[in-house]
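>>> got a sequence here, can you build the structure:
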Amino acid sequence: MSIGNDTGSLTFRGRNPWSWTMRLLNPKNQFTFLRDSLVRLPRRGWVLVMMVTLHFRPDLLYLFSKQKLFPSRNDRLTKTSNPRDDFEVDWERSSELSALDRVTVIQKGISFDRSKLDDLPGPIYAVNWLEKLDRDDVVYMTAGFHILRGLIDREMFPILFMEINRFDGEGDYRCRDSGHPAAIWLEDPRIQRIAIYHKARFPVPHTGMPATSGLASIVALSFLAQDIEVYGWDFYLTFAPARSGYWKAFFKNFCNFRMELQSQFLEMAVYNWHYAHRYSQLPNFRNHGFLSGLEKHDGINERLDSIIYRV
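Numbering: from 1, shown residues only. You can find the predicted model right below:
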């Protein structure tokens, strides 16, 4: 396993100092920053409460997630040796998918050196990738209809679409895409679907877990492939937590005020870190992104276990 390279000391989120200076001096950007700051202020204050809870009483974090994205105490799972056991595939809603030996997954994190793309073994599964790759062994993956529309418009096929379903608070199975007006796109024979869901209950009305395409792609392919190698799985990180101490890894991974306009960034960061660590413990899984080497942070891993599992 290799860990993605950090960006240079004068580079932040892929931009040099001059680029950031021009952005900061732009009046339009200043107005947007002020507007977004006011919109996000209540959520940011709530995130600080959640951060304190995550550190001191992670087992109670579900009480503070307004989106109800963590299982309650009674709905937590029993931890097994394989993280795939936390999920299941709804084969009735999935296409007929062939078993795979080895796959390479590429995501859009900055740890991935795109100049090495041609050297990677196929088949390639490109997640949320809207640039057509000059290879014949690429499958484009996404869990969002907006990305799916972009792939179709650009004639980027074949596509593996991930439907993320859930059990609600009453234990009833809910299909995210039932009745969705864009579901007709999935009738295209060049588009296949795999429907996955987390075995815990989620009372949220919009979706279940994992709600990010990056994590969903790993979960989905773990049911199809014998061996998985992934690049660029960073989930917005710009550094490698494996090379940092507890506090830097804790705050810079779980607290991102810039992204909190989504109102669920912290929750998504918890799931991505947790399952990146758990999948990395499998002998047939290799992660080269910033979300690798997380076994160093036992304190964080134990906290996240208490959110998902009965411990």
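
>>> now do the SS call for the closest residue to D90 other than its chain neighbours.
Once flanking residues are discounted, D90 sits nearest to A195: 4.0 Å by Cβ to Cβ, 6 or more residues apart in numbering. Where you see a C-beta, it was placed from the backbone N, CA and C, and this is true even at glycine. Here A195 is strand, with the state taken from DSSP: H, G, I helix; E, B strand; the rest coil.

>>> from L224, how far out is A195?
Note on A195: its distance to L224, by Cβ to Cβ, to the nearest Å, is 13 Å.

>>> the two: who's more crowded?
The residue with more neighbours, out of A195 and L224, is A195; 21 against 16, by other Cβ atoms under 10 Å.

>>> that one contacts R174, doesn't it?
No: using Cβ atoms under 8 Å as the test, A195 is too far from R174 to be in contact (11.4 Å).

>>> which neighbours do these two share?
N165 (Cβ atoms under 8 Å, 6 or more residues apart in numbering).

>>> under the pLDDT cut-off, which ranges of the chain? List them.
When residues are selected by pLDDT under 70, those of the chain lie in 1-16, 20, 31-41, 204-208, 210, 257-263.

>>> show me the strands in it, by range?
87-89, 100-106, 124-127, 138-142, 159-167, 173-174, 191-201, 225-231, 285-287 (DSSP state E).

>>> kindly reformat the ones you listed as JSON lines containing distance to I308.
Shown next, in JSON lines, are the strands of the chain (distance: least, Cβ to Cβ, whole Å):
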{"stretch": "strand 87-89", "distance to I308": "12"}
{"stretch": "strand 100-106", "distance to I308": "22"}
{"stretch": "strand 124-127", "distance to I308": "23"}
{"stretch": "strand 138-142", "distance to I308": "24"}
{"stretch": "strand 159-167", "distance to I308": "14"}
{"stretch": "strand 173-174", "distance to I308": "20"}
{"stretch": "strand 191-201", "distance to I308": "7"}
{"stretch": "strand 225-231", "distance to I308": "21"}
{"stretch": "strand 285-287", "distance to I308": "18"}
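
>>> those: which one's closest to S65?
strand 191-201 (12.8 Å; Cβ to Cβ).

>>> what pairs with the closest one, parallel or antiparallel?
strand 87-89 (antiparallel), strand 159-167 (parallel) (DSSP bridges).

>>> nearest to R135 among those strands would be which one?
Closest among these, once you apply Cβ to Cβ, is strand 159-167, at 15.1 Å.

>>> now that closest one: how far from the chain's centre is it?
13 Å (Cα atoms, centre = their mean, to the nearest Å).

>>> can I get the CA coordinates of it in PDB?
Taking Å, rounded to 0.1, in the frame of the first residue of the first chain, the C-alpha atoms of strand 159-167 are listed here in PDB:
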ATOM      1  CA  ILE A 159     -22.100   3.100 -17.000                       C
ATOM      2  CA  LEU A 160     -22.700   1.400 -13.700                       C
ATOM      3  CA  PHE A 161     -25.300   3.300 -11.800                       C
ATOM      4  CA  MET A 162     -25.500   2.900  -8.000                       C
ATOM      5  CA  GLU A 163     -28.900   3.100  -6.400                       C
ATOM      6  CA  ILE A 164     -28.600   3.700  -2.600                       C
ATOM      7  CA  ASN A 165     -31.600   2.400  -0.700                       C
ATOM      8  CA  ARG A 166     -32.400   2.100   3.000                       C
ATOM      9  CA  PHE A 167     -34.400   0.700   5.800                       C
END
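
>>> in it, what's buried?
Applying a neighbour-count criterion of 16 or more other Cβ atoms under 10 Å, one finds I159, L160, F161, M162, E163, I164, N165, R166, F167 buried in strand 159-167.

>>> how about stretch 228-244?
Going by 16+ other Cβ under 10 Å, stretch 228-244 has these buried residues: 228-242, 244.

>>> quick one: which of these is nearest E155?
G232 (23.4 Å).

>>> M50 and E302, how far apart?
18 Å.

>>> comparing the two, which residue is more hemmed in?
More neighbours surround M50 than the other of M50 and E302, with 21 against 11 (other Cβ under 10 Å).
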